[in-house]
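K.L.:
Need a 3D model of the following:
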Amino acid sequence: MDIIMYTDGAARGNPGPGGYGTVLMAGKHRKELSGGFRKTTNNRMELLAVVKGLEALKNEGSNITIYSDSSYVVDAVEKKWVFGWEKKSFKGKKNPDLWKMFLKVYKKHNVKLIWIKGHSNIKENERCDRLAVEASKEPNLPADVEYEKQQNTNNLF
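P.N.:
Numbers count the residues shown, from 1 in each chain. Next up, the predicted model:
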């Protein structure tokens, strides 16, 4: 069965509190995922939305079409940049932790990413946006540990 996935990420401030939203659909089945962090970036949340959606799939080898308004994520995969980054151990690239998580689950499936314009009245993309924004506003958000660790390492001198 083919799976359709919509994803979105949000950050209030960049960095700032952020969240992701994912909608998975296959036949009559539908699942929504979301989560938030106290300090993160929009691009991290865009990528994490895709990762969380792929991680939620139970059967390997699924055909998945992912719709995202993130050119950062879509271009990195569809233009095959991420595979070059992987060969160079993500040296000098942002979000290596999430890209490694992405590649681990991406390689288990047949995935096509399609860029869509955000805030253009595409029903499921709008739903993902609401999920992401709502998640970013939850009280007592957890730390995006890898992001905060990277920020602390960058601020040593």
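
K.L.:
ranges for the strands of the chain?
P.N.:
With DSSP state E as the criterion, the chain has strands at 3-11, 16-26, 29-40, 63-68, 110-115.

K.L.:
For Gln151, find the nearest of those.
P.N.:
Smallest distance to Gln151 across the strands of the chain (Cβ to Cβ): 7.9 Å, for strand 29-40. Bear in mind the C-beta positions are built from the backbone N, C-alpha and C, glycine included.

K.L.:
any idea which of the strands of the chain is most buried?
P.N.:
strand 3-11 (a mean of 26; mean count of other Cβ atoms under 10 Å).

K.L.:
Can you name every helix or strand that that strand contacts?
P.N.:
strand 16-26, helix 42-55, strand 63-68, helix 123-136 (3 or more Cβ pairs under 8 Å, 6 or more residues apart in numbering; DSSP states H and E).

K.L.:
Can I get the ones you listed in CSV including mean pLDDT and distance to Gly36?
P.N.:
Output for those, formatted as CSV (pLDDT from 0 to 100; distance: least, Cβ to Cβ, whole Å):
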stretch, mean pLDDT, distance to Gly36
strand 16-26, 98, 4
helix 42-55, 98, 8
strand 63-68, 98, 18
helix 123-136, 97, 4
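
K.L.:
To Tyr106, which of these lies closest?
P.N.:
Using Cβ to Cβ, those put helix 42-55 closest to Tyr106, at 6.4 Å.

K.L.:
got the buried residues for the closest one?
P.N.:
42-54 (16 or more other Cβ atoms under 10 Å).

K.L.:
and which of those is nearest Arg127?
P.N.:
Ala49 (12.0 Å).

K.L.:
what sits against that closest one?
P.N.:
By Cβ atoms under 8 Å, 6 or more residues apart in numbering, the residues touching Ala49 are Thr7, Asp8, Gly9, Tyr20, Gly21, Thr22, Leu33, Ser68, Cys128, Ala132.

K.L.:
quick one, what contacts Val50?
P.N.:
Val50 touches Met5, Thr7, Thr22, Ile66, Ser68, Val73, Phe102, Leu113, counting by Cβ under 8 Å, 6+ apart.
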